[in-house]
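K.L.:
Here you go, sequence then predicted model.
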Amino acid sequence: MMDTLIQKIKEKGNPTVAGLDPKLDYIPQEMKTVAFAQHGETAEGAAAAIFEFNKALIDALYDIVPAVKPQSAYYEMYGWQGVKCLHDTIDYAKWKGMYVICDAKRGDIGATSEAYAKAYLGNTKITDTVQIPTFGADSLTVNPYLGTDGVQPFVEECKANGKSIFILVKTSNKSSGELQDITADGKHIYEKMAELVSGWGSETIGESGYSNVGAVVGATYPEQAEAIRKILPKTYFLVPGYGAQGGTAKDVARSFNADGLGAIVNASRSIMCAYQKNGGDLQTAARTEAIRMRDDILSAL
């Protein structure tokens, strides 16, 4: 639930999440050499290298960063071996005490959304007496553009299993405005979506005062983020777009509430690839960049 994430943010004094969006180009050559020697230059070898990369990053960050956010596409492109790597990465991060937001942007008609929700947030029925967790993430990103019947199954799994979701409201990509900035009845689509998010989360307010239904609000659109915050005072924001996409600490500060809570800021490439840009070993460089990011954002708050 969102209360759990908030508690971890408070414990670490750090409102950031490290994105685990691995490409083979990001992985140190020695890791790839070992994996390919054992498994061949195959999907299995690639998945093995990625898992070692992820473990090294998690080991370097778990005591200072409260959460990780693996993006499912970077695992799915390696087939079932990559999907297993995603599953194992989630397990490893949770074992290390990190909150795991799976960035899969799922959403479909009601019955299909129910299956997605059970896969990522709930339990899958095997027999009348056996149900098992599959991915077991703490949270999931959700695409809401099929409407309430596509979102409600995720909300129900949040209620049943103490999980959270983050719904796409105003995304950080350059072309997001083609749809999200359109006006209807005097309001932008992202404003209307924010109003829906408020309704979907109204029955999931935790002890922290925040809903288990969060919103994805990009750092690259600070004015829109400020407008959305006014609509969603009790909603946690997942804020992509800091760093490599151009969002600054001053930009992301506008997504927070006056209490210093209300948002968690994502960075992926800047942490994963810090050793390539700044030199040094993978773990030291990632940790140094994560601390720099934390301090940058806290100074803006």
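P.N.:
Looks like it came in fine.
K.L.:
give the contact list for G206.
P.N.:
For G206, the contacting residues are 1-3, 212, by CB atoms under 8 Å, 6 or more residues apart in numbering. C-beta here means a position set from N, CA and C on the backbone, and glycine is covered the same way.
K.L.:
what's the answer for T42, then?
P.N.:
T42 makes contacts with Q81, as judged by CB under 8 Å, 6+ apart.
K.L.:
Against N54, how distant is it?
P.N.:
18 Å (CB to CB, to the nearest Å).
K.L.:
Over to D103?
P.N.:
Look at D103 and N54: by CB to CB, they are 14 Å apart.
K.L.:
Check A18 too.
P.N.:
A18 is 10 Å from N54, by CB to CB.
K.L.:
Give me the more crowded residue out of the two.
P.N.:
Higher neighbour count among A18 and N54: A18, with 29 against 24, using other CB atoms under 10 Å.
K.L.:
Before we go further, that one is sitting in a strand, right?
P.N.:
Yes - under DSSP: H, G, I helix; E, B strand; the rest coil, A18 sits within a strand.
K.L.:
beta partners of it?
P.N.:
Beta-bridge partners for A18, by DSSP bridges, are V68, A267.
K.L.:
these two touch, right, it and P70?
P.N.:
No - using CB atoms under 8 Å, A18 is not in contact with P70; the gap is 9.7 Å.
K.L.:
residues in contact with stretch 167-180?
P.N.:
Residues from elsewhere that reach stretch 167-180 (CB under 8 Å, 6+ apart): 105, 141-145, 151, 188-190, 193-194, 197, 200, 213-221, 224-225, 228, 240-241, 245, 247.
K.L.:
how near is A117 to L196?
P.N.:
From A117 over to L196 (counting by CB to CB), the distance is 17 Å.
K.L.:
With neighbour numbers in mind, choose between these two.
P.N.:
For A117 and L196, the more surrounded residue by other CB under 10 Å is A117, and the numbers stand at 26 against 16.
K.L.:
List the contacts of the more buried one.
P.N.:
Neighbouring residues of A117 by CB under 8 Å, 6+ apart: 106, 140, 153-154, 156-157.
K.L.:
could you dump those residues to JSON lines with secondary structure?
P.N.:
As requested, the contacts of A117 are exported to JSON lines (three-state DSSP):
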{"residue": "R106", "secondary structure": "strand"}
{"residue": "L140", "secondary structure": "strand"}
{"residue": "P153", "secondary structure": "helix"}
{"residue": "F154", "secondary structure": "helix"}
{"residue": "E156", "secondary structure": "helix"}
{"residue": "E157", "secondary structure": "helix"}
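K.L.:
ok, of the residues you listed, which one's closest to D91?
P.N.:
Proximity of these to D91 (CB to CB) peaks at L140, which lies at 15.8 Å.
K.L.:
Would you enumerate the residues in contact with that closest one?
P.N.:
By CB under 8 Å, 6+ apart, L140 lies in contact with 101-102, 104, 106, 117, 120-121, 154, 163, 165-166.
K.L.:
how about those, which pair is most distant?
P.N.:
Across the contacts of L140, the longest distance by CB to CB is 14.8 Å; it joins I101 and A117.
K.L.:
Find the nearest non-adjacent residue to K96, please.
P.N.:
Nearest residue to K96, sequence neighbours excluded (CB to CB, 6 or more residues apart in numbering): Y62, at 4.1 Å.
K.L.:
Burial check on that neighbour, number of neighbours?
P.N.:
Taking other CB under 10 Å as the criterion, the count of residues near Y62 is 19.
K.L.:
mind checking how far it is from Y92?
P.N.:
Applying CB to CB to Y62 and Y92 gives a distance of 10 Å.
K.L.:
And for C158?
P.N.:
From C158 across to Y92, the span is 23 Å (CB to CB).
K.L.:
again, but for L61
P.N.:
In terms of CB to CB, L61 sits 12 Å off from Y92.
K.L.:
State the pLDDT value of the nearest residue to D3 once chain neighbours are set aside.
P.N.:
Leaving aside its chain neighbours, D3 sits nearest to G206 (4.1 Å; criterion: CB to CB, 6+ apart). Note for G206: predicted pLDDT of 90.
K.L.:
next one: phi and psi at G206?
P.N.:
phi -90, psi -180 (degrees, to the nearest 10).
K.L.:
now do N123
P.N.:
Backbone torsions for N123, taken as degrees, to the nearest 10, come to phi -130, psi 140.
K.L.:
How many residues are close by it?
P.N.:
16.
K.L.:
Likewise for G45?
P.N.:
20.
K.L.:
Tell me which of the contacts of L140 fall in strands.
P.N.:
101-102, 104, 106, 165-166 (DSSP state E).
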